[in-house]
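A.B. asks: with the input below, show me the fold.
(2 chains)
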Amino acid sequence: MRRTVALVSGIGLVISAYLTWIHYSGDLALCIGVGGCEAVQGSRFAVAGGVPVALIGLVGFALIFAVALVRLREAAPVWADTTIFALSIAATLYVAYLTYIELFVLGAVCPWCVAVAVCSVIVLVVVSLELLRPSRT
Amino acid sequence: MLVLIGPMRGHTIRSMAPPKTRAERQRIRRGGARADPSRPSGRQLAIAGFVAVAGVLAFIALSGGASPPSSTLAPAVRQSSHVRGSDSALITIEEWADFQCPACGMFARATEPQLVTTYVSRGQVKIVYRHFAFLGPESQWAAEASECADEEGKFWEFHDRLFASQAGENRGTFSKDNLKRIGEALGLSPAFAACVDSGRHAQRIRDETQVGQRKDVRATPTLFVQERKIEGAATFDQLKTIIDALIAPR
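C.D. replies: Numbers count the residues shown, from 1 in each chain, chains lettered A, B, ... in the order given. Predicted coordinates:
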């Protein structure tokens, strides 16, 4: 289970890094007529409070991935459990908000952004299944 | 010797004591609670969850949901048809764009004002706008409407207003009714609305888009700085390097 979390958050990290790179490289900001990522990343919602949303995703997944690695150890500290739980809730809530913007405000869906959203949800589900199941004595 | 014996004895005692005793001792200390100390308690998880939810909601609220669209676009330097800048400018930037394309919006909002301030206003560069309406019906209507605005000498004002108003593609943002409202807000005459409805510039837009295709324009924005082709919303710094190199030898 913990390996799944580490793997999925690693995938999320890579995609976020790709999206952040796209955000900062002006060359790729173009429209090729099939809608999607350029519409989403070129929109005014791509930057929140001066920070690119892709960069927020990158930092978020870097944190989740780091904590997931800590949790792979035999005697993982309790703070790692609570931290990954909080981070995955925050991530899922934020991507839910962003997906809402994509669907109902922009009317354009970026497949890479959806992939990041799916990673967040998987991490949250797996972490919750592990931490919220009744304790064994 | 004593120092060595001490820890050794301690170690021996610990390894001799079965782990069961330690677990029992812990259980007694916790007042017989059955909680697993290696896992966070429900209370800890609830606090973590609350902090996470509150944090994200606060962030969304504080960041205003989205950055406000830029409303301070560079004023048109000259109201000549589709050319921003002096005809005698040494360098021509030809921009092929679609009013619905977000990357063109980025270019119009971020790069173009800097080009205008730095080069166009000094007569060194002129920017030519060419229609490449390929993202659906609202791209076509918006381009036609810009030609209607041009009839009243307000192409660039209309251009700036359209790029400042982008909000999703083919979702009614640039419906004919909205385009008429945008024109009205810019002080265009009732003839503008009639022009939008007439569709009399439709063929011109289609023809120009075809000219673009023949020039191998495949995406927007596509810029031609003199003969050099640049695909995508180039940043001001990228263009500055190219323009300065072209200006320097003269």
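A.B. asks: chain B: strands as residue ranges?
C.D. replies: Assigned by DSSP state E, the strands in chain B fall at B:83-84, B:91-97, B:125-131, B:222-225, B:228-231.
A.B. asks: ok, for residue A:64, nearest residue in space, not its chain neighbours?
C.D. replies: residue A:9 (4.4 Å; C-beta to C-beta, 6 or more residues apart in numbering or on different chains). In this view, the C-beta of every residue, glycine as well, is placed from N, C-alpha and C.
A.B. asks: that neighbour contacts residue A:63, correct?
C.D. replies: No. In this structure, residue A:9 is not within contact of residue A:63 by C-beta atoms under 8 Å, at 9.0 Å.
A.B. asks: more neighbours: which of those two?
C.D. replies: residue A:9 (30 against 17; other C-beta atoms under 10 Å in any protein chain shown).
A.B. asks: what comes up buried for whichever strand or helix holds the more buried one?
C.D. replies: Residue A:9 is part of helix A:2-24 when elements are defined by DSSP states H and E. Neighbour counts over helix A:2-24 (16 or more other C-beta atoms under 10 Å in any protein chain shown) mark A:2, A:5-6, A:8-17, A:19-20, A:22-23 as buried.
A.B. asks: so how far is that helix off the chain centroid?
C.D. replies: Relative to the centre of its chain, helix A:2-24 is centred 7 Å away, using C-alpha atoms, centre = their mean, to the nearest Å.
A.B. asks: that one - contacts with which helices or strands?
C.D. replies: helix A:37-41, strand A:51-52, helix A:53-70, helix A:111-132 (3 or more C-beta pairs under 8 Å, 6 or more residues apart in numbering or on different chains; DSSP states H and E).
A.B. asks: these: which one's closest to residue B:49?
C.D. replies: Evaluated with C-beta to C-beta, the helices and strands packed on helix A:2-24 place helix A:111-132 nearest to residue B:49, the distance being 9.5 Å.
A.B. asks: give me the contact list for that closest one.
C.D. replies: Residues from elsewhere that reach helix A:111-132 (C-beta atoms under 8 Å, 6 or more residues apart in numbering or on different chains): A:1-2, A:4-5, A:8-9, A:11-12, A:15-16, A:18-19, A:36-37, A:40, A:57, A:61, A:64, A:68, A:81, A:84-85, A:88-89, A:91-92, A:94-96, A:98-99, A:102, B:39-40, B:45.
A.B. asks: same deal with stretch B:115-125?
C.D. replies: B:74, B:77, B:84-86, B:88-93, B:126-127, B:236, B:239-240, B:243, B:247.
A.B. asks: how distant is it from the center of its chain?
C.D. replies: For stretch B:115-125, the distance to the chain centre is 24 Å (C-alpha atoms, centre = their mean).
A.B. asks: next, the buried residues of it.
C.D. replies: Buried residues in stretch B:115-125 (16+ other C-beta under 10 Å): B:115-116, B:118-120, B:124-125.
A.B. asks: can you pull out the helices in chain B?
C.D. replies: B:2-16, B:19-29, B:42-62, B:102-106, B:112-118, B:137-151, B:155-164, B:176-185, B:190-198, B:202-214, B:236-247 (DSSP state H).
A.B. asks: which of the ones you listed is buried the deepest?
C.D. replies: With neighbours taken as mean count of other C-beta atoms under 10 Å in any protein chain shown, the helices of chain B reach their highest mean count in helix B:102-106, at a mean of 28.
A.B. asks: ok, that one near chain A or not?
C.D. replies: Yes. Counting by C-beta under 8 Å from any C-beta of the partner chain, chain A has neighbours in helix B:102-106: B:102-106.
A.B. asks: okay, now the unreliable bits of chain A?
C.D. replies: Confidence mapping of chain A against pLDDT under 70 gives the ranges A:25-29, A:33-39, A:41-43, A:107, A:135-137.
A.B. asks: again, only using 80
C.D. replies: Scanning chain A for pLDDT under 80 picks out A:22-50, A:105-110, A:134-137.
A.B. asks: next one: chain B
C.D. replies: Using pLDDT under 80, the flagged stretches of chain B are B:1-39, B:63-81, B:168-171, B:249-250.
A.B. asks: point me to the residue of it nearest chain A.
C.D. replies: residue B:102 (2.8 Å; C-beta to the nearest C-beta).
A.B. asks: my read: that residue touches residue B:168, true?
C.D. replies: No. Applying C-beta under 8 Å, one finds residue B:102 not in contact with residue B:168, separated by 9.2 Å.
A.B. asks: quick one: residue B:155 and residue B:148 touch, right?
C.D. replies: No. Between residue B:155 and residue B:148 there is no contact under C-beta under 8 Å: 9.5 Å.
A.B. asks: point to the residue nearest the middle of chain B.
C.D. replies: Of all residues in chain B, the one closest to the mean position by C-alpha atoms, centre = their mean is residue B:106, 5.5 Å from it.
A.B. asks: look up how far residue A:76 lies from that one.
C.D. replies: Taking C-beta to C-beta, to the nearest Å as the measure, residue B:106 falls 44 Å from residue A:76.
A.B. asks: can you check residue B:42 too?
C.D. replies: Taken as C-beta to C-beta, the span from residue B:42 to residue A:76 is 18 Å.
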